[in-house]
Each structure stands twice: as C-alpha cells, then as structure tokens.
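In: sequence-free structure coming up:
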C-alpha cells in the first residue's frame, strides 16, 4: 500500500517587499548582535556569516531570530544546522504545516498510522518483529534511536537578471542515538510545478560526544523536475545520526504574492529492501517495504 500526503505549505512570497527593494544588493544597515556586526538587506534578508562556528550560542540565537526563526524552531536545531543557516544567510519563509503523518509498515507489508495513543503498542510490535526477523534485521541495543525531522525554506534574494526569486529548502533528519536498523534510508522533498530546481546537496554524519564522523549521502537523485531524493547509508555507529538534504529552487517574480507548496518525507528501512519513494507535484508516495515513514 502506498500513501500520498502533503507536508509543508509554504507562504513563499507573501513577506516579499516591493520590486525596488528586492533589487537592492547593498546592506541597508548594520546591526550589532552581542557586539557582533550583522548586515540586513532592505528586503529583510540577513547577509551570510563567514565563520559562524566562532559565534557564541546567544549570538547565533539572536541572528537566527533576525532571520525570522522563532525560539521553538531554534531549540530544535543542532549546532551544525545553525551554522549552515547562518553561513547561507537570507530570511526564513513563514510556513504552515499540514497533514503530518508517521506510518509504520510491518514485515507483512501492513501499514499502521502511528499516533500518541497507539505509539507504545507500535513500539512493542517493532520489538517483536526484531526478535522474529532471524537475522533479517540487526537488533543491536534495546532502544531504537528516536527520530525527529523538519523542513524549512529560506529566501535568498533574486537572480542576477531579476526575473526569479531564489529559495533554499532544507529537509533535516535526526536520530538521537544509533537506530536499531542501519540499512539504506531515503529522504526526499518535492514542490509545485512553478518551482525550478537548480542544485541539491546533502550531508550525513554521526556525532558521538566531541567526535564527528562525516559520510555524506550514498546518492542524490536530481532527475525529477518536481523533487529531489537521496539515499542515506546509515552506519552502525554509536552517537547521534544527523543529515540534511538541501535544494535550491527558483520561482518566477511574476508569482509574487502567491503561495507555493512543498512536501518532505523520510523513510527508515527495517530490512535491506530500500523503501521506494515516488516524487509527485508537491506530494510523495511511499512504497510498501517495511519500515518507518515520516512526512
């Protein structure tokens, strides 16, 4: 069984000022943030920081707030993601999240919608399937890493010819410890037809105390005009497992004032069968392979 769902609905262009303001390439003013100089463009964007890793946590938090991130969003971010956003600069687009769903597909291919009410029951089912799998899965450790994920879109300005807006979409995943299952996972996002993708990058690393081990994605598939997906080769290592799929998209200036939809998803395989992920127009379809699927 496969499911369709929409995840993020992004009000991409509502905050945008006039075209004259958007054409500005010089900072409007200098802002002091805890004795650090930050430059803000006329359209609200913050100029990227050259070495964000040298900033203090309060400085990072205050600059991210200038970029339109709220405290709740900032609290979810690890240090590396904060640095990524600060280095890129821009201004966060206000979002409305709809139809978030967590699906658990058991070894028989049956889908279970995970809710707060049945979460404990589903966790017991997972543990039972770990024991029954007879080597099909790798039950190292009693507690599976807890997954969290979120997406965000940042406005970066206009193209040099002034006919398109530039947005960066980040799809972030995080396991607070090593997952029981370390096979090939899939991460992806898709968008409406008025958005044109230009480039996608990805990072995946394991953070164990002060030691960071970088692995990157196994592959990134940019063949679709309506989305990007990547394969994540999870490593059987102790620590936090963290990654981000980032895509730059461009939207015509003629669409100013309209809204645009994005969808994002993550599929965590419970066997060596990769979970299929089909990218539609601002929608994603999962295959029936066993595992946890979030969107």
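Out: That came through fine. All of these numbers come straight from a predicted model, not from anything done at the bench.
In: Give me the mean pLDDT for stretch 175-194.
Out: Summarised as a single mean, pLDDT over stretch 175-194 is 92.
In: now residue 40, what's its secondary structure?
Out: Look at residue 40: counting by DSSP: H, G, I helix; E, B strand; the rest coil, its state is strand.
In: OK, contacts around it?
Out: Residues near residue 40 by CB atoms under 8 Å, 6 or more residues apart in numbering: 27, 28, 29, 31, 46, 47, 66. Any C-beta I mention is one placed from the backbone N, CA and C, and that applies to glycine too.
In: what does residue 163 give?
Out: 252, 253.
In: would you turn the contacts of residue 40 into TSV with distance to residue 248 and neighbour count?
Out: As requested, the contacts of residue 40 are exported to TSV (distance: CB to CB, whole Å; neighbours: other CB atoms under 10 Å):
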residue	distance to residue 248	neighbour count
27	22	16
28	24	14
29	27	9
31	26	15
46	17	25
47	18	14
66	22	15
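In: Least confident of these?
Out: On pLDDT alone, residue 27 ranks lowest of the contacts of residue 40, at 58.
In: Redo the contacts of residue 40 as a markdown table? Include distance to residue 294 and secondary structure.
Out: Shown next, in a markdown table, are those (distance: CB to CB, whole Å; DSSP: H, G, I helix; E, B strand; the rest coil):
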| residue | distance to residue 294 | secondary structure |
| --- | --- | --- |
| 27 | 39 | strand |
| 28 | 39 | strand |
| 29 | 41 | strand |
| 31 | 37 | strand |
| 46 | 30 | strand |
| 47 | 34 | coil |
| 66 | 30 | helix |
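In: Which of those sits closest to residue 172?
Out: Proximity to residue 172 was ranked across those by CB to CB; first place goes to residue 46, at 19.6 Å.
In: ok, what's across the strand from that closest one?
Out: Assessed by DSSP bridges, residue 46 has beta-bridge partners residue 40, residue 90.
In: Going by neighbour count, which residues in the longest helix belonging to the chain are buried?
Out: Taking DSSP state H as the criterion, the chain has its longest helix at helix 119-132. Within helix 119-132, the residues that count as buried by 16 or more other CB atoms under 10 Å are 122, 125, 126, 129, 130.
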